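> Sharing a model prediction with you, sequence too.
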Amino acid sequence: MTSQVGSEAPSGARPAWVGLIELGDGLSVQGAVRAPTPEDRLARVWARLHGVVLGSVEVPVVEGSIPPGALTLALERDLAVPVRRHLEAEGVGVDGGSPIAAALASSRACDLRDRAWDEAISVVVATKDRSELIGATLASLKGLGYREFEVLMVDGSRDQSTRRVFESVVGEDPRFRYVPEPPTGLSMARNRGMAEARYDYCAFTDDDCVVDALWLDGIARGFGRDPGVACVTGIVPSARLETLSQQYFDGRVWWSHSVEPRLYSAGRGPDDSPLHPFRAGIFGTGANFALDRRVAGELGGFSRLLGVGSLCRGGGEDGDMFVRVLRSGRLLAYEPSALVWHEHRGSLEELTAQLTEYGRGIAIVGLKWLADPGTRGDVLRRVPGAVLYYARLLFQRGYAGDSTRAPMALAEAKGVLGGPLAFARGYRALRRLEAGSTGPGRAGPWIAGAGARRR
């Protein structure tokens, strides 16, 4: 590494390269998905200590490397307080000196793997026609260091290309299983994965993500916070920030930045929104979460109305599940040490389509809650606050500036406006499917009824 202390990035530069440093291992920075290049000018470096994510700093990139002096200064400036708190919680004395120096001199004796909760975990990755992405996801899953886990790739692709990537990357690894599934949507694929899983706890990520080696250790940390935890979500930082669309999306979502662990219940806490618990996006995202599979089964699995490729052609199956878990009396743990990198859409055209789908998913899941007698009353009481909240959220400033913010906000609004028609079509389709079902296994309109059988 270059050792230019105090090097600065050009004025107006935005982070493009993203990396991670474990302070207990020194100042070595690992790239989220690639190494820095001479073209990079500014980096966002996430810092963790003994596996616990504490925050990020921005540092210059000089001739394709991160200057150690500049990195140390940034850590001292921005993360000294959380590092000191973490060391004190572990019983490591700082004695009035630099907490960053103390962290760099500390050992890895305190680690996420030391936690008492160590149940085996099944990982479910649903994919469809994205063979160009799934290889990186599978490779990162092979690098997990958790005690005991399995990976099920549920594939709804229309050809064999994704299966060939699976076989090429996984080889003969017995921890990985390929599960073919008709292309009936993300909810159905995730239900199939849970039905095929060997273990009682299922973790989920997406085929445009790369998981950290300690991801499942972070998931275990979340479940270990309280016996009542039935769902754990984690942080999903941007894997790269090279384009305006990636920078915009990075500023748009909450789960790319928060490093404060939190236990959520159905009851509204002092810091919760008036929409609680129906402000589902604050709990996490479908790219990084885990469920007690037994609880998910009691709740009927993921709703077949929701999810990409579903009857309603919109997402929201993850947030719907988070809300249902809370309303069942269980707890949800947000655990930032469970880290998954997300590859945001690289072009404005791709981002426009994604945000339109997001907007449609928000509208569809809200309409589902309104149509369901079990949630209708609670939702109606929150409608005025929801309208005000979403209007502010839709037009808030993204990091890419006004030229990107306006069309992206319009794209999301377009999705919201199209949600009622999409919901009506999907609901009618589900009713027709149910009319053809008979017997005690017939699915109700608010559960998945995926028809997948346990192995």
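Great, that's in hand.
> so where do the helices sit in the protein?
With helices called from DSSP state H, the chain shows them at 68-89, 99-105, 131-142, 161-170, 186-196, 215-223, 244-252, 293-298, 317-327, 348-371, 373-394, 402-435.
> which of the residues in the fourth one are buried?
What that stands for is helix 161-170. For helix 161-170, burial by neighbour count (16 or more other CB atoms under 10 Å) applies to 162, 165-166, 169-170. Glycine gets a C-beta too; all of them are placed from N, C-alpha and C.
> For the helices of the chain, which has the smallest mean pLDDT value?
Of all the helices of the chain, the minimum mean pLDDT falls on helix 373-394 (a mean of 78).
> start to end distance for stretch 193-200?
One end of stretch 193-200 sits 12 Å from the other (CA to CA, to the nearest Å).
> Residue 205 is nearest to which of the helices of the chain?
Nearest to residue 205, of all those, is helix 131-142, at 7.0 Å by CB to CB.
> quick one: the closest one to helix 161-170, angle?
Direction vectors for helix 131-142 and helix 161-170, defined by axes from the mean of the first three to the mean of the last three CA atoms, to 10 degrees, enclose an angle of 30 degrees.
> Against which helices or strands is helix 131-142 packed?
Packing partners of helix 131-142 (3 or more CB pairs under 8 Å, 6 or more residues apart in numbering; DSSP states H and E): strand 121-127, strand 149-155, helix 161-170, strand 176-180, strand 209-211.
> In JSON lines, list the ones you listed along with distance to residue 354.
Below are the helices and strands packed on helix 131-142 laid out as JSON lines (distance: least, CB to CB, whole Å):
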{"stretch": "strand 121-127", "distance to residue 354": "17"}
{"stretch": "strand 149-155", "distance to residue 354": "21"}
{"stretch": "helix 161-170", "distance to residue 354": "20"}
{"stretch": "strand 176-180", "distance to residue 354": "26"}
{"stretch": "strand 209-211", "distance to residue 354": "14"}
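> coming back round to it: compare the helices of the chain and report which one is nearest to residue 340.
Once these are compared by CB to CB, helix 215-223 is nearest, at 6.0 Å.
> Format the buried residues of helix 161-170 as a markdown table; extra columns: distance to residue 218.
Shown next, in a markdown table, are these (distance: CB to CB, whole Å):
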| residue | distance to residue 218 |
| --- | --- |
| 162 | 27 |
| 165 | 26 |
| 166 | 25 |
| 169 | 23 |
| 170 | 23 |
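> now, which of those residues sits nearest residue 258?
The closest of the buried residues of helix 161-170, once distances to residue 258 are taken by CB to CB, is residue 169, at 31.3 Å.
> how much space between the closest one and residue 42?
Plainly put, residue 169 is 32 Å away from residue 42 if you go by CB to CB, to the nearest Å.
> Domain ranges for this protein, per the record?
Annotated domains of the chain cover 17-110, 115-347 [automatic domain parsing].
> hey, which of the ones you listed is tucked in deepest?
domain 115-347 (a mean of 21; mean count of other CB atoms under 10 Å).
> what about that one, start to end distance?
For domain 115-347, the first and last residues are 41 Å from each other (CA to CA).
> centre of the chain versus it, how much separation?
For domain 115-347, the separation from the chain centroid amounts to 6 Å (computed by CA atoms, centre = their mean, to the nearest Å).
> mind listing what the closest residue to residue 313 other than its chain neighbours touches?
Counting by CB to CB, 6 or more residues apart in numbering, residue 313 lies nearest to residue 422, which is 5.3 Å off, once chain neighbours are set aside. Shown in contact with residue 422 (CB atoms under 8 Å, 6 or more residues apart in numbering): 312-314, 360, 363-364.
> and if you look at residue 349?
Contacts for residue 349 (CB under 8 Å, 6+ apart) come out as none.
> Quick check: it vs residue 206, distance?
Taken as CB to CB, the span from residue 349 to residue 206 is 20 Å.
> cool, and residue 132?
14 Å.
> now the angle from the lengthiest strand in the chain to helix 131-142?
Longest strand in the chain, counting residues (DSSP state E): strand 331-342. Here strand 331-342 points in a direction 120 degrees away from that of helix 131-142 (the same axes, to 10 degrees).
> which helices and strands sit right next to strand 331-342?
Contacts defined by 3+ CB pairs under 8 Å, 6+ apart place strand 331-342 against strand 42-49, strand 52-60, strand 209-211, helix 215-223, strand 229-235, strand 262-264, strand 288-292, helix 317-327.
> Just send these back as JSON lines, with distance to residue 28 too.
Output for the helices and strands packed on strand 331-342, formatted as JSON lines (distance: least, CB to CB, whole Å):
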{"stretch": "strand 42-49", "distance to residue 28": "11"}
{"stretch": "strand 52-60", "distance to residue 28": "14"}
{"stretch": "strand 209-211", "distance to residue 28": "18"}
{"stretch": "helix 215-223", "distance to residue 28": "20"}
{"stretch": "strand 229-235", "distance to residue 28": "21"}
{"stretch": "strand 262-264", "distance to residue 28": "30"}
{"stretch": "strand 288-292", "distance to residue 28": "25"}
{"stretch": "helix 317-327", "distance to residue 28": "34"}
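> quick one: which of those is nearest residue 149?
Closest among the helices and strands packed on strand 331-342, using CB to CB: helix 215-223, at 5.8 Å.
> contact partners of the closest one?
Here helix 215-223 makes contact (CB under 8 Å, 6+ apart) with 51, 111-113, 115, 117-119, 121, 123, 144-146, 149, 201, 203, 205, 212, 229, 232-234, 261, 288, 290, 292, 333-340.
> on that earlier part again, what angle separates the longest strand of the chain from helix 244-252?
Using the same axes, to 10 degrees, the direction of strand 331-342 lies 160 degrees away from that of helix 244-252.
> and residue 234, how far is that from residue 258?
From residue 234 to residue 258 the distance is 10 Å (CB to CB).
> who touches both of those two?
Shared contacts of residue 234 and residue 258 (CB under 8 Å, 6+ apart): 334, 336.
> isn't residue 344 right up against residue 246?
Yes - if you go by CB atoms under 8 Å, residue 344 and residue 246 touch, sitting 4.2 Å apart.
> Find the residues that touch each one of those two.
238, 240.
> how many neighbours does residue 376 have?
12 (other CB atoms under 10 Å).
> Would you confirm that it contacts residue 366?
No - taking contacts as CB under 8 Å, residue 376 lies outside contact range of residue 366: 11.2 Å.
> In CSV, list the C-alpha atoms belonging to stretch 304-317.
C-alpha atoms of stretch 304-317 as CSV (Å, rounded to 0.1, in the frame of the first residue of the first chain):
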residue,chain,number,x,y,z
ARG,A,304,-48.3,-16.3,-3.2
LEU,A,305,-49.8,-12.9,-4.0
LEU,A,306,-46.5,-11.2,-3.5
GLY,A,307,-42.9,-11.4,-4.7
VAL,A,308,-41.2,-10.9,-8.0
GLY,A,309,-43.0,-13.1,-10.7
SER,A,310,-46.0,-13.5,-8.4
LEU,A,311,-49.7,-13.3,-9.4
CYS,A,312,-49.6,-9.6,-8.7
ARG,A,313,-46.2,-9.0,-10.5
GLY,A,314,-44.7,-7.2,-7.5
GLY,A,315,-42.5,-7.7,-4.5
GLY,A,316,-43.2,-7.2,-0.8
GLU,A,317,-43.2,-10.8,0.3
